[in-house]
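J.: return a 3D structure for these sequence lines:
(5 chains, ligands or ions: 4)
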Amino acid sequence: MELIWHGLVQAFRLIIAGDPEVMRITFLSLKVSGLATLLSLVFGIPLGAFIGLARFPGRGFVLSLINTGMALPPVVVGLFVSILLWRSGPLGVLQLLYSPTAIVIAQFILAFPVVTGLTVTAMQQIDPKLRLQLLGLGASRAQLLVQLLKEARLAMLAAVMAGFGAVISEIGASMMVGGNILGYTRVLTTATVLETAKGNFDMAIALSIILLVITFLINWGLTAIQQYGNRR
Amino acid sequence: MELIWHGLVQAFRLIIAGDPEVMRITFLSLKVSGLATLLSLVFGIPLGAFIGLARFPGRGFVLSLINTGMALPPVVVGLFVSILLWRSGPLGVLQLLYSPTAIVIAQFILAFPVVTGLTVTAMQQIDPKLRLQLLGLGASRAQLLVQLLKEARLAMLAAVMAGFGAVISEIGASMMVGGNILGYTRVLTTATVLETAKGNFDMAIALSIILLVITFLINWGLTAIQQYGNRR
Amino acid sequence: MSAAVIEARDLRVAYGDRTTLALETLTVQRREILAVVGPNGAGKSTLLRILALLEAPAAGVVRFDSEPVRYDSRSLLPMRRRIATVFQSPLLCNTTVFGNISLGLRFRSIPKPEIDKKVSLWADRFGVAHLLGQPAATLSGGEAQRVSLARAFVLDPEVLFLDEPFSALDQPTREGLIAELEGVLRESKVTTVFVTHDRNETLHFGDRVAVVMGGRLAQVDAPERVFSSPVSEEVARFVGVENILRGVVLEQREGIGVVSLDFGQIQVATEAKAGEHVLVCLRPEEIVLARPDASFAHESMRNVLQGRVDQVIPIGAQLRVRMNTGIPLTALITKQSWQELSLAEGQPVQAAFKASAAHVIRRREN
Amino acid sequence: MSAAVIEARDLRVAYGDRTTLALETLTVQRREILAVVGPNGAGKSTLLRILALLEAPAAGVVRFDSEPVRYDSRSLLPMRRRIATVFQSPLLCNTTVFGNISLGLRFRSIPKPEIDKKVSLWADRFGVAHLLGQPAATLSGGEAQRVSLARAFVLDPEVLFLDEPFSALDQPTREGLIAELEGVLRESKVTTVFVTHDRNETLHFGDRVAVVMGGRLAQVDAPERVFSSPVSEEVARFVGVENILRGVVLEQREGIGVVSLDFGQIQVATEAKAGEHVLVCLRPEEIVLARPDASFAHESMRNVLQGRVDQVIPIGAQLRVRMNTGIPLTALITKQSWQELSLAEGQPVQAAFKASAAHVIRRREN
Amino acid sequence: YKPAFGQQKGDLILATTTSTQDSGLLDVLIPIFEKKTGYRVKTIAVGSGQSLAMGAKGDADVVLAHAPTLEEKYVADGAFINRRLVMHNDFVVLGPASDPAKIRGLPRERDVFSRLAEGKFPFVSRGDNSGTHILELSLWGKIDFKPSGSWYIQVGQGMGAALNVASERGAYVLADRGTYLALKKRLALEIVYEKSRPLLNIYHVMEANPAKFSKANHVGAAAFGNFMVSPEAQAVIRTFGVDKFGEPLFFPDGGKSEKDLVS
Ligand SMILES: Nc1ncnc2c1ncn2[C@@H]1O[C@H](COP(=O)(O)OP(=O)(O)OP(=O)(O)O)[C@@H](O)[C@H]1O
Ligand SMILES: Nc1ncnc2c1ncn2[C@@H]1O[C@H](COP(=O)(O)OP(=O)(O)OP(=O)(O)O)[C@@H](O)[C@H]1O
Ligand SMILES: [Mg+2]
Ligand SMILES: [Mg+2]
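T.: Ligands and ions are numbered 1, 2, ... in the order given. Predicted coordinates:
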């Protein structure tokens, strides 16, 4: 137990001291996972809204695929992305392996089904008559979508948080496609694993705590938005 | 690319041949993650429903905590659970470290906030007047809860799938608290990592594919339930 | 008659294997107010959704401004923007009252100052100006309905579809609104289609009435015509003809027929020929009551029946008097007249009606 | 009078800083049918939620069967199981019609065969037996309301709360149901509290009427009393007294007062003393019209005013005649009588009313 | 002998380096040991640093590691007893086939590392306190050089991952021969320097100190230690990997001391 205490003290010290290495790692974590989440929102929300609102043959199958995507193991994604990005692989010429871009790609693949799947559910929860009512008020397709998303904002923010949560905390893919290279692709989670492997448990705990605090602050902000105006 | 192809062939062969080792590992994965998911449902649904329906001071804070829990990195959970279960740790006497039970505990900690958080959202999406209507029809607290969960079944099944998806695909915690012990705590994801480390990429891919196929089948079943009777 | 704004032909809508709507032709003329009435589940709301271009029929053609409607969102949007629809239950978005009323204006990218002006005008008109900042989810039933009305009227549409728009309003507001809206609609020449269960609204508001029954158009006519001359027994019952007598025409001369009923004969205005089976419809307000000893001065009261008062039920300022004259008859009478008659339940009574007061439905078959 | 089933004292409900409900005492007697009426947003639904033990008031005491209600779910449940509530909008669960109607029975762990029997009985009574297998989400507005009614009635409750339960029903069904339900309720002795916007329902259905205005109880009385003798100008306006005249009593003798209005004097039955400011309420149906040259036979017609017809508006089988007699007056008259008068808009007319027909409200101040 | 409170009879926790597990050697040895003694071995494969740290906290009963300097420190602290030499294999320096730094043919490891340092040729370091990493650091230390800069790629991962990064980046890397042989197929790396005494990779087995950790299973630990240096295990080690790679991955050293390896 005193390890956790040491970790707390260490975390506090690192944050106060503004250790440049830790700052850089933290910043990269946020940048990479934020970008991946953003991309997954850009693609996942329209797709999810479409699947949630439309009726077409094979819809159940597609939905199962997406839900399975929510359970994609990060190492599997890491492995597949690695294979694609290897110099000998089909996308090898891009020279992306072991770069932050590669992590963004892998994390996008992880967050995308989460955002899509939860958007589908959010859209299905809305009374279908409300769609007609909005069309009856002259909403274009895009306006309809925006209004329905606003209506489901609670569920949508949950989707954003789940997507971000899935990637900021993920290790397998970042490790495999990023390579955990110091000063280049090392993020909070891979750094934590490294410190654990080194037996520096207190440092590992300190890094975890920094990660958790940051995640908490972001979620706090999002929760505040989510709950705001939901006091019916 | 031909690696992936090899992996597919290998996966097919392993499934057809019914390789006993692979069978055991697969079974353990399902058992451990299934149990962890079940536990997280047992505790997460009532808690989530309570937070979703009640109003109390500090609710936003609690919600942020839970949402942060959705972003708990598996290795961090693994690390903390390890520290607790170490022989030198406070729960060392239980001798649970490096056992399937330890994995269940860690995975429960991972799935619990996911289920709780999504239950909160699901409950908040329901028209609060429906609660009064159900009370007005003589529902007890438990009956009210059950009926509201039925009403939000779409979102609830999404919660189950997200919870299960989070743990079946997770590696960090299983590795740390389970130890990846052959024939005892080796699950599909840790086996995949090991095969990757050994350079047996095709075997790693085969194991991933088995994992994905199983997850897909489970999600297919749940999606069928979810979408059934939702054709309004 | 002016041109049709909306014209529907051979519409068919089915859910599962149940045909919910099947009608041949319905046109909505420019600037008319068309009331749609019918029993619950008849298909009125479904019809409205089709006419408002919100749902594609399984079969049939809808024309908007003479153009056949193509159901792709690109061609629908400009048409829909000329229409506004108020649904049966006020489906408000989870935002403020202002947010809801301004929704359609924002969809049309109207500049903010203009939105503010229009919203406050219509919020005021519908009596919700004091609620503009309140979350829509906390409104009372009537307040919600007012908001959903304001949300449509603020759009200044060419065609307005209203599905039971006043059902949750309190009576003074309702009466006030109807009077006011009628003025507004007629003056601004908005084509309006509205569903209602209120006979007064139908009579007062509608230029024409479409009676929908079991998914079919049973009758489309001027309101007075529908009420006084229903085409079938179902329509008659639906529009509140409480006295429907079955009989056979014995003879007919100069438009006055003698009809034989179970308990005797009556004279009614009809073109039906001798031997035809007919239904005689008598609105309760057309029956005049008198003390059993009175004699009817008006020579036009061709039919005088003797009976006994069964039951007296107050309906607002009036009374519904049920009596037995061989067959049960119901009359509607003011409280004042009833007091002057000084009759009571169980006492004998005379009931009389003019030959022209009855409406005769000729039946094909028995 | 029998014992009170529900008694509320010093209730206060506030949302934000707005007080939505503030009333001193309201009792619901065993076996009575209490109608609650009032303008939109007055607090009727809020009051019902409190009386039905679904919401705790911010302040005040509610007694159920003389027991003060404690707001913990353990003590609430057995009380709530003796009550059934139908909300203003039919909040159906996302299952079949059968699933919805049987909900409360399943909450009470009634055995399956009994559930089946009861559900089919009440589904039939409310005309939704053919819909039992249909998903509730696909019902029409009226069908949904019927289901939500059946869902409450099937529970055979001691106390029934109905919040505008008939607003979406078509008129024949509505009239039929009201007649039938009245029988059912009176016979089974169910205590009923219902909110309505329909004057006929109020008059016909209620033993007593509670008028809620601006969150307060404006008047609780027998229906006829509320309609004929409203306690204030607001209540008078709300219950449809269209003619409210302000004046001062000049003299009063043996219960008949002479009231000076702006344009002249009238005689009305009142206990108000000379010098008192009063409001004279005249229901439109109490005003008798005559041709300008006619003389009134009835000696009791103490007040005869000369005027001119402004506007004639048909209201069902009746006409609302607006005229100017120095002040605007509105009379209600049957179409028949109007025809016999053979008057038209713009022509002179005589309006008369009895001294006893007017209801006088004595005003404190002004 | 009475087991300590809560001790489950027959469970033995072995903390070891990933290389023994990843090579598959333990998959062969452990079942033999279990069958012979009836103990159930829980193998926890982590880095040398972590496995020693675990053992030093009493969370492992027996440790198989390859970081002699670190091990000696822990033994001196009294964390372990009975530290015995089991086997060795060796480290090699790998690089791209083109060998841009011209390492091939250099006589001594100091020359190799000096050349890498001077030319700033891309070099992948595991950077994870593993045995390999510690050795690499000591080699830089011998030429008094502190590597840093973008050419010095610290991956902070296992051997396999480090080899992948080196291969992708066309970098040099220090690796144990076993892992290299196992992954060779997929790597664009060749041996550019090998067979020098400081590059030996020496594995020791050591038992948790019973005086310090009463809960540890020292009987089982001793049994495991004895087994590893027994002729039976040594014979397995000698032939392990020959069928797959055409050469053994490890060389048995049971009974020898570190000094015996110097010559
Ligand atoms: N959470 C809330 N916040 C603010 N105002 C509220 C809230 N809930 C209810 N109100 C207000 O309380 C008032 C009373 O509402 P209530 O539903 O009781 O009215 P009502 O008499 O049933 O009206 P209606 O005839 O329209 O159904 C309304 O003006 C409503 O806007
Ligand atoms: N998806 C569906 N599946 C089955 N039946 C449906 C579906 N949608 C609508 N219906 C049925 O179609 C019929 C017509 O519904 P509609 O809403 O048009 O009735 P309405 O005339 O507006 O009735 P109300 O007066 O009650 O509002 C109803 O009986 C309804 O149950
Ligand atoms: Mg309808
Ligand atoms: Mg209400």
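J.: okay, now residue 86: neighbour count?
T.: Going with chain A. Around residue A:86 sit 19 other residues, with neighbours defined as other Cβ atoms under 10 Å in any protein chain shown. The C-beta positions use only the backbone N, C-alpha and C, and glycine is treated the same way.
J.: oops, I was thinking of chain C
T.: 27.
J.: same check, this time on residue C:304
T.: 16.
J.: doesn't it belong to a strand?
T.: Yes: the assignment for residue C:304, made by DSSP: H, G, I helix; E, B strand; the rest coil, places it in a strand.
J.: do I have it right that it meets residue C:296?
T.: Yes: using Cβ atoms under 8 Å, residue C:304 makes contact with residue C:296 at a distance of 6.0 Å.
J.: show me the common contact partners of those two, please.
T.: C:350, C:352 (Cβ atoms under 8 Å, 6 or more residues apart in numbering or on different chains).
J.: let's test this: name the helix or strand in chain C with the lowest mean pLDDT.
T.: Least confident helix or strand, chain C: helix C:199-205 with a mean of 80, by mean pLDDT, DSSP states H and E.
J.: hmm, it touching ligand 2?
T.: No: Helix C:199-205 is not in contact with ligand 2 by Cβ under 6 Å from any ligand atom; minimum separation 13.5 Å.
J.: next to ligand 4, which bits of chain C? Give me the list.
T.: Contacts of chain C with ligand 4, taken as Cβ under 5 Å from the ion, map to C:140-141.
J.: again, only using 8 Å
T.: Residues of chain C found near ligand 4 (Cβ under 8 Å from the ion) are C:140-142, C:168.
J.: avg pLDDT for whatever helix or strand residue C:235 lives in?
T.: Per DSSP states H and E, residue C:235 falls inside helix C:233-238. Average pLDDT, helix C:233-238: 90.
J.: show me what that helix is packed against.
T.: Packing contacts for helix C:233-238, counted by 3 or more Cβ pairs under 8 Å, 6 or more residues apart in numbering or on different chains; DSSP states H and E, involve strand C:208-213, strand C:216-221, strand C:243-253, strand C:277-282, strand C:359-362, helix D:171-188.
J.: who does the fifth one pair up with?
T.: What it means is strand C:359-362. Strand C:359-362 has its sheet partners listed here by DSSP bridges as strand C:277-282 (antiparallel).
J.: kindly report the same for the second one.
T.: Strand C:216-221 has these partner strands in its sheet, going by DSSP bridges: strand C:208-213 (antiparallel).
J.: is the strand it pairs with in proximity to ligand 3?
T.: No: against ligand 3, strand C:208-213 shows no contacts by Cβ under 8 Å from the ion, the least distance being 10.0 Å.
J.: shaky segments in chain E?
T.: Applying pLDDT under 70 to chain E flags residues E:1-9, E:262-263.
J.: what's the nearest residue to the closest residue to ligand 1 within chain C if we skip its chain neighbours?
T.: Relative to ligand 1, the nearest point of chain C is residue C:142 (2.6 Å; Cβ to the nearest ligand atom). Closest residue in space to residue C:142, ignoring its immediate chain neighbours: residue D:40 at 2.8 Å, by Cβ to Cβ, 6 or more residues apart in numbering or on different chains.
J.: quick one: that neighbour from chain B, how far?
T.: Per Cβ to the nearest Cβ, to the nearest Å, residue D:40 is found 17 Å from chain B.
J.: ditto for residue E:174
T.: Distance of residue E:174 to chain B, given as Cβ to the nearest Cβ: 18 Å.
J.: test my guess that that residue contacts residue E:138.
T.: No: Residue E:174 is beyond contact range of residue E:138, at 10.8 Å (criterion: Cβ under 8 Å).
J.: looking at those two, which one has more neighbours?
T.: residue E:174 (25 against 11).
J.: host element of the more buried one?
T.: Element membership of residue E:174, judged by DSSP H and E, is strand E:172-176.
J.: what does residue E:132 give?
T.: Using DSSP H and E, residue E:132 falls within helix E:131-142.
J.: where do the helices sit along chain E?
T.: Remark: helices assigned in chain E by DSSP state H are E:18-23, E:25-37, E:48-56, E:68-76, E:109-119, E:131-142, E:159-169, E:177-183, E:218-229, E:231-239, E:242-245, E:258-262.
J.: out of the ones you listed, which is closest to chain C?
T.: Comparison of the helices of chain E against chain C by Cβ to the nearest Cβ identifies helix E:159-169 as nearest, at 48.3 Å.
J.: give me the angle between the closest one and helix E:131-142.
T.: Helix E:159-169 and helix E:131-142 are oriented at 60 degrees to each other (axes from the mean of the first three to the mean of the last three Cα atoms, to 10 degrees).
J.: does chain A sit close to helix E:159-169?
T.: Yes: with Cβ under 8 Å from any Cβ of the partner chain as the measure, helix E:159-169 is seen reaching chain A through E:161, E:164-165, E:168-169.
J.: give me the low-pLDDT residue ranges for chain C?
T.: For chain C, the ranges with pLDDT under 70 are C:1-2, C:297-299, C:316-317, C:364-366.
J.: hmm, what's the outermost residue in it?
T.: The C-alpha centroid of chain C is most remote from residue C:293, which lies 39.6 Å away (Cα atoms, centre = their mean).
J.: wasn't that residue part of a strand?
T.: No: counting by three-state DSSP, residue C:293 is not part of a strand but coil.
J.: what about it, distance to ligand 3?
T.: The spacing between residue C:293 and ligand 3, counted by Cβ to the ion, to the nearest Å, is 51 Å.
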